[in-house]
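Novice: give me the fold of what follows.
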Amino acid sequence: AWSTLPDPLLAGVLASTDFDVVTLDMQHGGHSDDSILRCIGPVIQNGAHPVVRVPVGRFDMASRALDFGAEAVIAPMINTLGDAEDFAGFMKYPPLGARSWGPTRAMEFQGIGDANQYFQAANSETLAIAMIETMGAFAQVDEILALEGIDGIFVGPADFSIGWSGGEFINAQHEGMTEILRELAAKAKTAGKFAASFGMDADHAKSLAGLGFQLIAISIDAGCLKAGANAMVSAARS
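Specialist: Numbers count the residues shown, from 1 in each chain. This is a model prediction of the structure:
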């Protein structure tokens, strides 16, 4: 589920459905530091996994999101190996990275009272997901995937279509991108990592799964509300 509306009640409702994950979007959605802090709890309490997408370049927020209880962070516009190294540095504790200690809330959610227990597991159990959205990022994706500290990639299909078309159009479902998306998913698998992406609707999500993507968003929260409401009204009127 993709949460853009910064409300803990709505985040909890999304988490109580059949979605496995709720991503709280700070880049294009309305989420802030405060709403992330307040929404992660309801997501966990309703049985889903909380993920946060931080704004462009806000790697400091990646560390805060983990301290708040997020299990994974998506970082947009990772265009170079240097970007990926900086992101991983904020996501992982030494010696792999330079994340600062302070996961009090995360430890509470996980029921961990021993600091060393959390510390020993955190680098492997909190996921750093680098967004591949430009042709420059595609050119360096093998190096990004090989970086210890990056656990997976997230292809932003809309932005990727802009770069792929040379700025001629935006079309997240353009058939011409099929093979390059398949290649990205295969590269992630070869590196022993996973590929994620954003499905505009259920059919698009299924097509992405067919290309090898393993973590796929479907629409956004407002889209889910509209679709559910329209389906119920249509069924009642019929």
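
Novice: contacts, neighbours, all on C-alpha from now
Specialist: Will do.

Novice: centroid residue for the chain?
Specialist: In the chain, the C-alpha nearest the mean C-alpha coordinate belongs to Ile74, at 4.1 Å (C-alpha atoms, centre = their mean).

Novice: which SSE is it in?
Specialist: Assigning secondary structure by DSSP states H and E places Ile74 in strand 72-75.

Novice: gap between that strand and the chain center?
Specialist: Remark: strand 72-75 is offset 5 Å from the chain centroid, using C-alpha atoms, centre = their mean, to the nearest Å.

Novice: would you map the helices across this protein?
Specialist: Ranges of helices in the chain, per DSSP state H, are 8-15, 33-45, 59-68, 81-91, 104-110, 115-125, 135-139, 141-146, 157-164, 178-190, 202-210, 221-237.

Novice: quick check: which helices or strands does the shortest one pack against?
Specialist: Using 3 or more C-alpha pairs under 8 Å, 6 or more residues apart in numbering; DSSP states H and E as the contact criterion, the elements in contact with helix 135-139 are helix 157-164.

Novice: then the helix it packs on to CSV, C-alphas only?
Specialist: Taking Å, rounded to 0.1, in the frame of the first residue of the first chain, the C-alpha atoms of helix 157-164 are listed here in CSV:
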residue,chain,number,x,y,z
PRO,A,157,8.6,3.8,-13.8
ALA,A,158,7.2,7.3,-14.4
ASP,A,159,10.5,9.1,-13.9
PHE,A,160,12.3,6.3,-15.6
SER,A,161,10.1,6.7,-18.7
ILE,A,162,11.1,10.4,-18.9
GLY,A,163,14.8,9.5,-19.0
TRP,A,164,14.3,6.5,-21.2
